[in-house]
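[1] Quick one: sequence plus predicted model below, questions after.
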Amino acid sequence: MSQILPALFLIIAFVVLGTLGRPYLARLDHELSQLLRESKRHLPVYSAETVRGKEAEFIRDSLPRRFPTALAVIALLLLGAAAWWLSR
């Protein structure tokens, strides 16, 4: 029982923080996104066009493929459910 209490208090703290701190977090998110938009205005833009005016397709081909995040979340949920079921 004593091992469960710290985890329980931590979960309750996160729920309370998420509930009561929501307006503060929303305002902070708005201010950060506005700051990011303002900083993007001052960044230089580099084009990927060749001298003939066409997009350089080799740049797109050399970029790494995006990892499917939804697939990773589903796999994590399935592994968690399997671990829970096997521990019963």
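    Ah, there it is.
[2] need the helix or strand of the chain with the lowest average pLDDT.
    Comparing helices and strands within the chain by mean pLDDT, DSSP states H and E singles out helix 57-62 as the least confident, with a mean of 62.
[3] downstream neighbour of that helix in the secondary structure list?
    Scanning forward in sequence from helix 57-62 by DSSP states H and E, the next helix or strand is helix 69-87.
[4] In this protein, where is pLDDT below threshold?
    Along the chain, segments meeting pLDDT under 70 span 1, 40-63.
[5] Please report the distance of the most centrally placed residue in it from residue 87.
    Central residue of the chain (Cα atoms, centre = their mean): residue 69, 9.3 Å from the mean position. With the distance defined as Cβ to Cβ, to the nearest Å, residue 69 ends up 27 Å from residue 87. The way it works is simple: take the backbone N, C-alpha and C, and place the C-beta from them, glycine included.
[6] Same question for residue 9.
    Using Cβ to Cβ, one gets 23 Å for the distance from residue 9 to residue 87.
[7] Those two: who's more crowded?
    Residue environment comparison for residue 9 versus residue 87 gives the larger neighbour count to residue 9, 10 against 6, counting by other Cβ atoms under 10 Å.
[8] ok, now which ones touch that one?
    Contacts for residue 9 (Cβ atoms under 8 Å, 6 or more residues apart in numbering) come out as none.
[9] Give me the neighbour count for residue 18.
    Neighbours of residue 18 under the rule other Cβ under 10 Å: 10.
[10] wait, what's in contact with it?
    Counting by Cβ under 8 Å, 6+ apart, residue 18 touches no other residue.
[11] Distance-wise, check it relative to residue 87.
    Noted for residue 18: a distance of 28 Å to residue 87, by Cβ to Cβ.
[12] likewise residue 76?
    With distances defined as Cβ to Cβ, the gap from residue 76 to residue 87 amounts to 16 Å.
[13] cool, residue 24 as well?
    Noted for residue 24: a distance of 38 Å to residue 87, by Cβ to Cβ.
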